[in-house]
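Chemist: Sequence first, predicted coordinates after that:
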Amino acid sequence: MEAPVLTDRHQYPTEEVITSHIGRAKSQWYSLFEYIHANHADFSEEWRYYNDGKSWLLKVKRKKKTVFWLSIVKGSFRTTFYLTDRAAQAVAGSSISDELKEQFTSSKKYGAIRGLTITCKRKRDVTDAKELIGIKLAAR
């Protein structure tokens, strides 16, 4: 997996900084956030620098519930969803790619949750992220 690029704690990730790193994935970036702002106006977005990973991460949440984490990598961005075992059936029955389904079932468990990461480079990746947003919101 590629290393995050936003590693300077003194350089806040503005839109200009982000788009300079994600390059051609800019259309996927705008597609994802246009969807979020149009369909989930109650979501909030918070950029923070995390010392443990030495990079900036975006936490997208609804009230206190984290929906997903986002990191910037060279040429794209990654969304990571943490889902409980109860979401396994929804993931298996969803229209996300088979590779993502396999990633979820084979990923390491942290207590009762597992991570699922999408590197957003193509239109299909954003479609999968939108589907996972729905799964995350439906999960209890």
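Modeler: Right, received. Where do you want to start?
Chemist: Poorly predicted segments of the chain, please.
Modeler: By pLDDT under 70, the weakly predicted segments of the chain are 1.
Chemist: For residue 49, which three-state class applies?
Modeler: Using DSSP: H, G, I helix; E, B strand; the rest coil as the criterion, the local structure at residue 49 reads strand.
Chemist: Quick check: bridge partners of it?
Modeler: On DSSP bridges, the residues paired with residue 49 through beta bridges are residue 56.
Chemist: And it, how far from residue 55?
Modeler: In this structure, residue 49 lies at 7 Å from residue 55, with Cβ to Cβ, to the nearest Å as the measure. From N, CA and C alone the C-beta is placed, and that goes for glycine too.
Chemist: what do you get for residue 13?
Modeler: Noted for residue 13: a distance of 10 Å to residue 55, by Cβ to Cβ.
Chemist: any residues in contact with both of these two?
Modeler: Contact with both residue 13 and residue 55 is made by residues residue 6, according to Cβ atoms under 8 Å, 6 or more residues apart in numbering.
Chemist: and stretch 3-14, how far out from the chain's middle?
Modeler: Stretch 3-14 has its C-alpha centroid displaced from the chain centroid by 17 Å (Cα atoms, centre = their mean, to the nearest Å).
Chemist: For that stretch, list the C-alpha coordinates in CSV.
Modeler: Backbone C-alpha positions of stretch 3-14 (Å, rounded to 0.1, in the frame of the first residue of the first chain) are rendered in CSV as follows:
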residue,chain,number,x,y,z
ALA,A,3,2.4,5.8,1.9
PRO,A,4,0.3,8.9,2.6
VAL,A,5,1.7,12.2,1.2
LEU,A,6,0.3,14.8,3.6
THR,A,7,3.1,14.3,6.2
ASP,A,8,4.0,18.0,7.0
ARG,A,9,2.1,18.8,10.2
HIS,A,10,2.4,22.5,9.3
GLN,A,11,0.8,22.3,5.9
TYR,A,12,-3.0,22.1,6.3
PRO,A,13,-4.6,20.0,3.5
THR,A,14,-6.4,22.8,1.6
